[in-house]
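*Asks:* Provide a 3D model corresponding to the input given below.
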Amino acid sequence: MSTSGGDNRSSSLRRAASQPFLDGMEARFMERCEVGLRLSETMLQRAVCFFKDSKLLLLANIDSIGSGTVEEAERLWNACVFYAVKRLSSATCVGEGPVEGTAAGFTLMQLLQVTDVSVMDLFKELPQFLVKAAPTLQALYGDSWEKLLQVKEVQANFVHMKVLSNYYKRVYKELFLVSECSSGGLNGSPVEVKEGFPPQMQLGWMLFLALRMHVLNQFPDLVTCTNGLLAIIVILMLHMPPQLRKFCVEDTSKFAKRSPKGVNLVASFCNMYHACEKDVCCMVDKANSMIRDLYNKKPSDASISCHSKQIAGIDTDGLLYFEGLMESGQIMSNISIVEKDYEEAYQSLGELDERMFINGEVSLMGSVSCGSPDISASKRKYDTMSSPVRGSAVSTATCLPSQNGSPCSSPVKIGGFPIDNSSKIAPPTPVSITMTTAKWLRDVITPLPAEPCLELQLFFRSCDRDISSDVRNRAQVLLESIFPSNGLGSWRRVEGNGQEDSVWAEQRRLEALKLYYRVVGAMCRSEAQRLQNSNLTSLLSNERFHRCMIACSAELVLATHKTVTMTFPAVLEPAGITAFDLSKVIEYFVRHEDTLPRELKRHLNSIEEKLLESMAWEKGSSMYTSLIFARPNLTAEINRLCLLAEPMPSLDNLSSQEGPTIATTQHLVGGSQNSSDSFRLLLISSFSQSDVFYCSYQVGSTFFNSPVKERLSAFSAFSSPLRNRLRAPLQSAFASPQRPSPVGGGETCAETVINVFFQKVLILAAVRIRNLCERLGQPQPLVERVYRVFQHTLHRETSLFFNRHIDQLILCTIYGVCKVSKATVTFRDIIHQYRMQPQCKLHVFRNVFIDLPPWRRAGKAGGQETGDIVKFYNEIFVHSTKTFLLQIGTSGATPASGNTHGSDEGDYHNGDSPASPEPPAFPVLPDLSPKKVSAMHNVYVSPLRAIKVDTRMSPHTRSLYACVGESAFAYESPSKDLTAINNRLKKRLVLELNRLRLGRLDFSDASLVTDSMVTSTLLPCNNICTKPC
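*Replies:* Below is the predicted model of the structure:
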């Protein structure tokens, strides 16, 4: 049953062959310190000390770092060591007095150049490095080293700047001309244009960086940064020479906001890009002040400027004009001034050189792959994302029409707002989606009162006692804890901006408060209608319920603004709840806020997926409290591992805290918006059967749209036979664990909560098992066996999930079933295919919690450690599941495993496994489409449903087409078929265009499209298939 040692032997051989290289590691590290980075004596001692202390970790894990070569592993490890020393030394010196960044003596870009590592590769490997080196870092730098490193903040800042630079380039090219040769030098002489970036574009980006450096860095959220970028573009529009403009102020479709004096430039621009006019106007004023100080120029009122051509047709009230800012004779010197200012600040801070996004230095960024940093908030994308619904991923903020509305009466909506069908919609981008979501918050939530509505106040008064004052006091304390007036600012703080931070925090508190009252009111109406009683004391008097609702509201506000320092799960600790608590309200929150933009629904879905896969199983999760009541036989193991959560802190204790803290290393490694595409389809709420659009983004890639039909989900499909247990009454989710459950059947509330949770875990696991087994080419019977073993493990060997990720159990289950089924699948094959999965995180198979039982420790102290997935399989998994796996291997069929539905029919208290005559089959999952059919191109295929095939095609026509998944030619794939079809259609299109250029259209030979014409299009002319495909 154990894995073979082939992989370990090959690794040992590689290390032995590279032994001379390994012996020279310390010398090369010293050379990089002394020659490459020129470290001071103090910094050199710190770096060498840390490297020596962590060298054994490097040698032990060298085969799992990077792509597996010792050279790359050494470079990545050195880069991580340098980064940790730089950040921790700088932060230590800040507390002692010197300015941040000066202590390290080198910048992040110098670090990357010396080690020959890209930004993406560094951020991909850094979380794994920190997990391994955590004891060493704690010994050298104390318990606060995680907070001082600020890895997630630097990653989020990088992704924000990446999407902002792409957004800036797109908007610039829409408004201004971009020529390869620009006469921007002195006396009109040509100037150097970097990678197609004219000096005007470079100046705009540098002004934005200066604005961030001097003004915006106390606002770490993407919305505020975008407002600042739009303010700079407004200034460019006013100062750009007319010959370089592509826009015309007379175009009423773009410049719709007008006054008797002309076009309101800021209002029209904000209308085009879904920005807040008030916020952008404020940013324009701040940018003008910054430019005045930077260039020591006194601006003039634009209304009295002598450049009449540039301001013709523009309402100049409140606008300032800087003489010579964009003129050809001065633009290069203006760029030099702002670059010098940025260089001074950059050398002081030593962080990422944000000029790289506009100066063509793309080689230092790297390419996206598994484990790359994401924009979650920041998927995979923002999945961050090679699939239309992938991870860490930003979707279009489409809000579906109400079920009660008809297609004819319900206009198309983007972000919950009607749009004109006649207008051309620009492709969505991460920034445009963020701004659209912020528009929903601004237009729908902000106008609401900051007090409970009259109906909600009536519910409060209808309780056994009036709880109105308790609700208000609780909300105030929790929101001030989540959004403190001081200390929330940027990780690159500018002195003297505390007042701005306070204003920002107050605005976010109000938005979260209004959203909280709105959703709680909707939930109370629904519960009162269901119970036929307006007395909801058991729910509204529950402290944990209100905290979860406030935390969920605050999380959506933070997700809307895309903050850097406050990414999930940062809201949990200030609210005094755990991830498992929050999972109880996510579904209800989505159900009762029908205007919620699609982007925020996806964000909640990704959070729920993270809760199911790992966060609910972590130490300190409140899930273990419910598990003790639902499965008393697990009490001893839970207590031995000290997994129980701390008591919920009181409001007085929360109010005395300084604010949210940085997430732990465990969240740093696993915390991202990356989500599996398939499970997202299961979780996304479906309020109608209308077609919607997904949009995905990946750093270094482009956007694309793919039509996807909304699927039934864990939010919306609870009435289906498969998922009839996925939803429990809201009040039972927060009731006392020993209280009888409203669902009946003799269950307690704790058992109901755990059964619902387990069933959701099984659905998530089923999707991932199916996808991974399909990649491995395994038949359906083996897939069902894998699922059955996973079911058995979850219900009968639940302790295997403690402190672990469910993907670790899935990988081991697949290998174990393949082993006993005599399938030729190695662990290397499984890991290789798992790395292709959208939810893949390297720590899943590199760092697995291993806790040997007392009788197998053989004198080992403690018995708890981390190891790779193979070690976990051999030492833990096989010993727990061997009997059940062998039954599958010997019988060739799935053995009975007792209760597999998560119901209460089996006796979980004594571990008996009553027979089940007909075990349920592998769950019938939704048709998860579209599927990506090309590894090189963003091509997705959705199979036509069988019911539509019969109604839309005749038998003869149907015979001409190959089904998705089949190849029209032997030994070829569907992606090759699509490529061939596209190439043939492209050739025909070129021929038609050439014919049209020769003369006028000739319709004399017009005729109906026949089957033979379709056949000739699909198949080569010299190889027409005569048989049905």
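*Asks:* just for the stretch 401-550 of the chain, where's the confidence low?
*Replies:* Scanning the stretch 401-550 of the chain for pLDDT under 70 picks out 401-427, 486-500.
*Asks:* Same check on the stretch 751-900 of the chain?
*Replies:* Applying pLDDT under 70 to the stretch 751-900 of the chain picks out residues 853-863, 890-900.
*Asks:* Could you rerun that using 90?
*Replies:* The model of the stretch 751-900 of the chain has pLDDT under 90 over residues 751-752, 822-824, 828, 835-848, 850-868, 886-900.
*Asks:* in it, which spans are helices?
*Replies:* Secondary structure of the stretch 751-900 of the chain by DSSP state H, counting those that start in this stretch: the helices cover 780-796, 806-820, 827-834, 842-846, 869-872, 878-891.
*Asks:* Just name the most buried of those.
*Replies:* For the helices of the stretch 751-900 of the chain, ranked by mean neighbour count under the definition mean count of other CB atoms under 10 Å, the leader is helix 806-820 at a mean of 24. Quick note: C-beta positions are derived from backbone N, CA and C, even for glycine.
*Asks:* How about Leu600: what's its closest non-neighbour residue?
*Replies:* What sits nearest to Leu600 in space, not counting adjacent residues and going by CB to CB, 6 or more residues apart in numbering, is Leu556, at 5.3 Å.
*Asks:* Report the contact partners of Ala735.
*Replies:* When contacts are counted by CB atoms under 8 Å, 6 or more residues apart in numbering, Ala735 is found next to Ser538, Asn542, Cys749.
*Asks:* Please tell me how far the second one sits from Met43.
*Replies:* Applying CB to CB, to the nearest Å, the value for Asn542 to Met43 is 54 Å.
*Asks:* which one of these two has more residues nearby?
*Replies:* Here Asn542 and Met43 are compared on neighbour count by other CB atoms under 10 Å; more neighbours surround Met43, at 20 against 16.
*Asks:* Please, which helix or strand holds the more buried one?
*Replies:* If you go by DSSP states H and E, Met43 is part of helix 41-60.
*Asks:* which residues touch that helix?
*Replies:* Under the contact criterion CB under 8 Å, 6+ apart, helix 41-60 has outside partners 15, 22, 25-26, 29-30, 33-34, 39, 65, 73-74, 77-78, 81-82, 84-85, 89, 103-105, 132-133, 136-137, 139-140.
*Asks:* Please spell out which residues along it are buried.
*Replies:* Along helix 41-60, the positions that meet the burial threshold by neighbour count (16 or more other CB atoms under 10 Å) are Met43, Leu44, Arg46, Ala47, Val48, Phe50, Phe51, Asp53, Ser54, Lys55, Leu58.
*Asks:* Mind checking what helix or strand follows that helix in sequence?
*Replies:* Past helix 41-60, heading to the C-terminal end, the next element that is a helix or strand (DSSP H and E) is helix 70-96.
*Asks:* what angle sits between that following helix and helix 41-60?
*Replies:* On the basis of axes from the mean of the first three to the mean of the last three CA atoms, to 10 degrees, helix 70-96 is oriented at 140 degrees to helix 41-60.
*Asks:* how much space between the nearest residue to Val85 once chain neighbours are set aside and Phe29?
*Replies:* In space, Val85 comes closest to Ala47 once its chain neighbours are excluded; the distance is 4.8 Å by CB to CB, 6+ apart. Taking CB to CB as the criterion, Ala47 is separated from Phe29 by 8 Å.
*Asks:* shared neighbours, those two?
*Replies:* Here Ala47 and Phe29 have Val81 as joint contacts, going by CB under 8 Å, 6+ apart.
*Asks:* Look at the nearest residue to Phe483 once chain neighbours are set aside and say how many residues are nearby.
*Replies:* Closest residue to Phe483 in three dimensions, ignoring its sequence neighbours and counting by CB to CB, 6+ apart: Ala505, at 4.3 Å. Using other CB under 10 Å as the criterion, Ala505 is surrounded by 21 other residues.
*Asks:* In this structure Ala505 contacts Ile482, no?
*Replies:* No: contact status for Ala505 versus Ile482: not in contact, 9.1 Å apart, counting by CB atoms under 8 Å.
*Asks:* Need the residues touching each of these two.
*Replies:* With CB under 8 Å, 6+ apart, Ala505 and Ile482 have no common neighbours.
*Asks:* For stretch 446-461, list the C-alpha coordinates in PDB.
*Replies:* What follows is stretch 446-461 as a C-alpha-only set of coordinates in PDB (Å, rounded to 0.1, in the frame of the first residue of the first chain):
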ATOM      1  CA  THR A 446     -24.900  55.000   0.600                       C
ATOM      2  CA  PRO A 447     -28.300  56.800   0.200                       C
ATOM      3  CA  LEU A 448     -29.800  54.500   2.900                       C
ATOM      4  CA  PRO A 449     -30.300  55.900   6.400                       C
ATOM      5  CA  ALA A 450     -27.700  55.000   9.100                       C
ATOM      6  CA  GLU A 451     -30.500  53.800  11.400                       C
ATOM      7  CA  PRO A 452     -32.700  50.700  11.200                       C
ATOM      8  CA  CYS A 453     -35.700  51.200   9.100                       C
ATOM      9  CA  LEU A 454     -39.100  51.400  10.800                       C
ATOM     10  CA  GLU A 455     -39.900  47.800   9.900                       C
ATOM     11  CA  LEU A 456     -36.700  46.600  11.400                       C
ATOM     12  CA  GLN A 457     -37.200  48.600  14.500                       C
ATOM     13  CA  LEU A 458     -40.600  47.000  14.900                       C
ATOM     14  CA  PHE A 459     -38.900  43.500  14.800                       C
ATOM     15  CA  PHE A 460     -36.400  44.700  17.500                       C
ATOM     16  CA  ARG A 461     -39.300  45.900  19.700                       C
END
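*Asks:* And that stretch, what's buried?
*Replies:* Residues of stretch 446-461 classed as buried: Pro452, Leu456, Gln457, Phe459, Phe460 (neighbour count, 16+ other CB under 10 Å).
*Asks:* list the contacts for the last one?
*Replies:* In other words, Phe460. Taking CB under 8 Å, 6+ apart as the contact definition, Phe460 lies against Pro452, Asp466, Ile467, Ser468, Val471, Leu540.
*Asks:* Phi, psi for it please.
*Replies:* Main-chain dihedrals, Phe460, degrees, to the nearest 10: phi -60, psi -40.
*Asks:* With the first one instead?
*Replies:* Dihedral pair for Pro452: phi -60, psi 140, per degrees, to the nearest 10.
*Asks:* The closest residue to it other than its chain neighbours - how many residues pack around it?
*Replies:* Computed as CB to CB, 6+ apart, the closest residue to Pro452 that is not its neighbour in sequence is Tyr517, at 5.0 Å. If you count neighbours by other CB under 10 Å, Tyr517 ends up with 23.
*Asks:* quick one: contacts for Tyr517?
*Replies:* Leu448, Glu451, Pro452, Cys453, Leu456.
*Asks:* could you list every residue that touches the fourth one?
*Replies:* So the one you mean is Cys453. Contact partners of Cys453, counting by CB under 8 Å, 6+ apart, are Tyr517, Gly521.
*Asks:* same check, this time on Asp221
*Replies:* Contacts were defined as CB under 8 Å, 6+ apart; by that measure Asp221 touches Leu558, His561, Lys562, Thr563, Val564.
*Asks:* Next, work out how far apart the residue nearest to Pro452 and Glu593 are.
*Replies:* In this view, Tyr517 and Glu593 are 12 Å apart by CB to CB.
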